[in-house]
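Novice: Structure of the sequence below:
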Amino acid sequence: MNFLSGRFLGRAVRPSSLSFPGLAAQCVLALAAFVALGATSRAAQDDDLLRVFREEYPEHFNHLVEFYSNLKMEGREETEVLDPDAAARMKGLENQSTTWEFGGNGDAIRAIVTPDDGPARVLVSGPELAFSLEKPVGSKAYTVTRLWSEGDDGDSSGRVRRSVLASMAPFGFLNETILEFISRPECRLIAARAVDDPDGERTLVEIDWEVAASERSPKFSGSFRFDAAASWVLRSYETLHEGLRVRDSATGEFKPGNGKTYGLISYDTSSGGIPRLREVRTWRSGPAGRSPFDVVNTVTRFDEGPMPSDAFTLEAFGLGTAPAPEPWPIAIVLFALTFGCVALALVLRTFRRRSRAPEATR
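Specialist: Reported below is the predicted structural model:
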């Protein structure tokens, strides 16, 4: 580029040797060369960023999962209404604030949800038992709503994580981990680029991805923004679902349309090391425009270190050991045995009749 510029400048000082149209042509050529070289350089940088992301992200992802599986967070989940006219149609949704607590010790996870108005709910995945509990308003005791023994439901810990949005925000989106999502054969990473951090002086890495349309689902695409200098935590995401069936509020008919989801995550980095989650804000948009509310999770307390193993048991909630399955009443057992004997006798009788039929025809 220096050579081209120098040659151009050398000719430009001799106006008699080049007409004005020729001079203009040289300017255009020099500008085109500059733009082409700049575009080539940016493309090379983008390719390098994508390669670095592929190489570095899995290790940082594992560190994030380990860190956020050995801590205790408390906070609030609130629905922030942005459109006052829509508040009346939301049937009090704007008042459904929730407090939650998340703790983990390896695969042992629990979530305690206490709405401002409604029953308290607990979802626990322990080393040997997973269960859900409920405590009605005004009551001091929990009741068991569901039990999963070891091996009954291998995804119980994942379900607990997905029930608390903040627990996966640094490394997940839409109830799925990022590493699991980008490892799918149908997911293609398209490009990477450096972008300015809107909340500071740092530079973020933006990754574009795409899942092609199939017979079962429409095209799905979007982008992630990571803070590579802070353990590659997720800072924001945007998704686009194309060709969704969207109901027209005026006619009631379902028509194809596009739907978008957004996530914006902020952290406290003052303590150094892996950033501590501070807030998660999510919202949607569709053919009718932006959703009239945001769902906001705010962390108010953050304690590092694993919780004790006895925190993931029924005893921790005053319920004692897991109840054994109730034995069948003796009448049902006797009826089942009698029915089985009668059925067996009928089968044997039919078999004997069929075996004698050929002898009778001889």
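
Novice: what's the weakest-modelled helix or strand in the protein?
Specialist: In the chain, no helix or strand scores lower on mean pLDDT, DSSP states H and E than helix 2-12, which sits at a mean of 33.

Novice: what about residue 191, which helix or strand?
Specialist: Taking DSSP states H and E as the definition, residue 191 sits inside strand 187-196.

Novice: Which elements pack onto the helix or strand following that strand?
Specialist: Following strand 187-196 in sequence order, the next helix or strand is strand 203-211 (DSSP H and E). Contact here means 3 or more CB pairs under 8 Å, 6 or more residues apart in numbering; DSSP states H and E; on that basis strand 203-211 packs against helix 20-68, strand 187-196, strand 220-227. Just so you know, the C-beta spots here come from the backbone N, C-alpha and C atoms, and that holds for glycine as well.

Novice: Report the buried residues of strand 203-211.
Specialist: 204, 205, 206, 207, 208, 209, 210, 211 (16 or more other CB atoms under 10 Å).

Novice: what packs against the host helix or strand of residue 281?
Specialist: Using DSSP H and E, residue 281 falls within strand 276-286. In terms of contacts (3+ CB pairs under 8 Å, 6+ apart), strand 276-286 is packed against strand 254-268, strand 293-304.

Novice: So what touches the last one?
Specialist: Right, the one you point to is strand 293-304. Contact partners of strand 293-304, identified using CB atoms under 8 Å, 6 or more residues apart in numbering, comprise 67, 70-83, 86, 90, 93-94, 165-166, 169, 268, 276-283.

Novice: buried sites along it?
Specialist: 293, 294, 295, 296, 297, 299.

Novice: Give the partner strands of that strand in its sheet and their orientations.
Specialist: Strand pairing for strand 293-304, using DSSP bridges, gives strand 71-81 (antiparallel), strand 276-286 (antiparallel).

Novice: pLDDT on it, on average?
Specialist: Strand 293-304 comes out with an average pLDDT of 88.

Novice: can you give me the angle it makes with strand 254-268?
Specialist: Using axes from the mean of the first three to the mean of the last three CA atoms, to 10 degrees, the direction of strand 293-304 lies 30 degrees away from that of strand 254-268.

Novice: Output strand 293-304 as CSV - backbone C-alpha positions only.
Specialist: Extracted in CSV, the C-alpha atoms of strand 293-304 (Å, rounded to 0.1, in the frame of the first residue of the first chain):
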residue,chain,number,x,y,z
PHE,A,293,-42.2,-6.3,29.3
ASP,A,294,-38.7,-7.4,30.2
VAL,A,295,-37.8,-10.3,32.6
VAL,A,296,-35.1,-9.1,34.9
ASN,A,297,-33.0,-11.3,37.2
THR,A,298,-30.9,-9.3,39.7
VAL,A,299,-28.4,-11.0,42.0
THR,A,300,-28.4,-9.4,45.5
ARG,A,301,-26.1,-11.9,47.2
PHE,A,302,-23.2,-14.0,45.9
ASP,A,303,-21.4,-16.5,48.1
GLU,A,304,-18.6,-18.7,46.7
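
Novice: And the residue nearest to residue 73 when sequence neighbours are not counted, how close does it get to residue 291?
Specialist: Closest residue to residue 73 apart from its sequence neighbours, by CB to CB, 6 or more residues apart in numbering: residue 102 at 4.8 Å. According to CB to CB, to the nearest Å, residue 102 stands 25 Å off from residue 291.

Novice: my guess is residue 274 meets residue 65, correct?
Specialist: No: with contact defined as CB atoms under 8 Å, residue 274 does not reach residue 65; the gap is 10.7 Å.

Novice: Endpoints of stretch 83-102, how far apart?
Specialist: 31 Å (CA to CA, to the nearest Å).

Novice: same thing with stretch 173-185?
Specialist: 18 Å.

Novice: If anything else comes up later, I'll come back, but that's it for now.
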